[in-house]
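no FASTA, just this:
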């Protein structure tokens, strides 16, 4: 066999082997490429899913941040409300302490008021008993005065326990005069004997009050003041100097026509207003006023207790 044929056979063999190798390599590369493409597709799909997941996470993050912001705002408001609640509780606690202190003080006041009430009740009983004694005593005197002096002297007992003797002015004095008449002196002697010097009235003060009618004397109303006062003084002087009534018990006052007992413009009314009043004032003067005051205080105590 010639050298050229051998070379040709070798070349063909080499070419065949190369073709086989290239086929093998092509097949291998093709498989790898297909595999790579599959992996690429898988990777792209994974990447797409990752991008979607990322977007979802970013949205969740945004929502979470918004929720966190709202939560922080709510927390801040809650803290503010909590602080306000604490302040309210502190104030309520302080108010409760004050109320408890005031309740305790009111309880003490109530006890003190109860003691005062009992004390006042005792005083009221004493005053009422004294007033009753004065009434009984004065009623006896009034009956004796009305029996002895009949229409010349009127007698009444006022609410304060004061015995008032109303003596008509014409009996004691002449018209327009402040000089006691003989009949007037006798009447004052009799009144002193029957009442003023009576042991039952030994500690009573004696007020002599002069009164006129509303007709101006000589056209001058000031003279009515003078006349009423002078007549009261004349009666006081006589009782002191001639009827043996202690000067310390006596007082004189003139009221002119400003305290009428009858306001009618008739001769009879004017005659009633021209008078001398002899008022016996007990040592417990204004007992009825005191009694009223004490009753008012007790009512106030009762109201306070009810509250």
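Sure thing, it's come through. Predicted model, so just to flag it, every value in this text is computed and none were measured. Numbers count the residues shown, from 1 in each chain.

going on from the longest helix seen in the chain, what's the next piece of helix or strand?
For the chain, the longest helix by residue count, based on DSSP state H, is helix 3-149. Downstream of helix 3-149, the next assigned helix or strand under DSSP states H and E is strand 153-157.

mean confidence for that following strand?
Predicted confidence along strand 153-157 averages 86 (mean pLDDT).

Show me what it is packed against.
With contacts defined as 3 or more CB pairs under 8 Å, 6 or more residues apart in numbering; DSSP states H and E, the packing partners of strand 153-157 are helix 3-149, strand 163-168. (Glycine included, C-beta is placed from N, CA and C.)

let's see 10 Å
Using 3 or more CB pairs under 10 Å, 6 or more residues apart in numbering; DSSP states H and E as the contact criterion, the elements in contact with strand 153-157 are helix 3-149, strand 163-168, helix 182-191, strand 275-281.

What strands line up against the last one, and which way round?
This means strand 275-281. On the basis of DSSP bridges, the sheet neighbours of strand 275-281 come out as strand 163-168 (antiparallel), strand 205-211 (antiparallel).

Redo those strands as a markdown table? Include mean pLDDT and distance to residue 298.
Conversion of the strands paired with strand 275-281 to a markdown table gives the following (pLDDT from 0 to 100; distance: least, CB to CB, whole Å):
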| stretch | mean pLDDT | distance to residue 298 |
| --- | --- | --- |
| strand 163-168 | 89 | 28 |
| strand 205-211 | 95 | 29 |
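
quick one on the thing from earlier: so which of the helices and strands packed on strand 153-157 is the most packed in?
strand 275-281 (a mean of 22; mean count of other CB atoms under 10 Å).

Pass me the low-pLDDT residue ranges in the stretch 1-150 of the chain, would you?
Regions of the stretch 1-150 of the chain meeting the criterion pLDDT under 70 cover residues 1, 109, 113.

got a list of what residue 99 touches?
In this structure, residue 99 makes contact with residue 106, judged by CB atoms under 10 Å, 6 or more residues apart in numbering.

residues near residue 196, how many?
22 (other CB atoms under 10 Å).

surely it meets residue 238?
No: counting by CB atoms under 10 Å, residue 196 stays clear of residue 238, with 11.6 Å between them.

Now list whatever residues contact both of the two.
Here residue 196 and residue 238 share the contacting residues 188, 245, scored by CB under 10 Å, 6+ apart.

In CSV: the strands paired with strand 275-281, plus distance to residue 188.
Converted to CSV, these look like this (distance: least, CB to CB, whole Å):
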stretch, distance to residue 188
strand 163-168, 8
strand 205-211, 10
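
Minimum distance to residue 174: which of the helices and strands packed on strand 153-157 has it?
Proximity to residue 174, assessed across the helices and strands packed on strand 153-157 by CB to CB, is greatest for helix 182-191 (9.3 Å).

Which strands and helices lie in contact with the closest one?
Here helix 182-191 touches helix 3-149, strand 153-157, strand 163-168, helix 169-172, helix 222-241, strand 275-281, going by 3+ CB pairs under 10 Å, 6+ apart.

what's the closest of those to residue 209?
Evaluated over the helices and strands packed on helix 182-191, closeness to residue 209 peaks at strand 275-281, with 4.4 Å, by CB to CB.

mean confidence score for the closest one?
Strand 275-281 shows a mean pLDDT of 93 in the predicted model.

quick one, it and helix 222-241 angle?
50 degrees (axes from the mean of the first three to the mean of the last three CA atoms, to 10 degrees).

roughly how far is strand 275-281 from the heart of the chain?
Relative to the centre of its chain, strand 275-281 is centred 44 Å away, using CA atoms, centre = their mean, to the nearest Å.

quick one on the thing from earlier: so which of the helices and strands packed on strand 153-157 gets nearest residue 206?
Comparison of these against residue 206 by CB to CB identifies strand 275-281 as nearest, at 6.0 Å.

Also compute the angle for that closest one relative to strand 153-157, please.
With the same axes, to 10 degrees as the basis, strand 275-281 and strand 153-157 are set at 40 degrees to each other.

Distance check, residue 226 against residue 257.
Computed as CB to CB, to the nearest Å, the residue 226 to residue 257 distance reads 12 Å.
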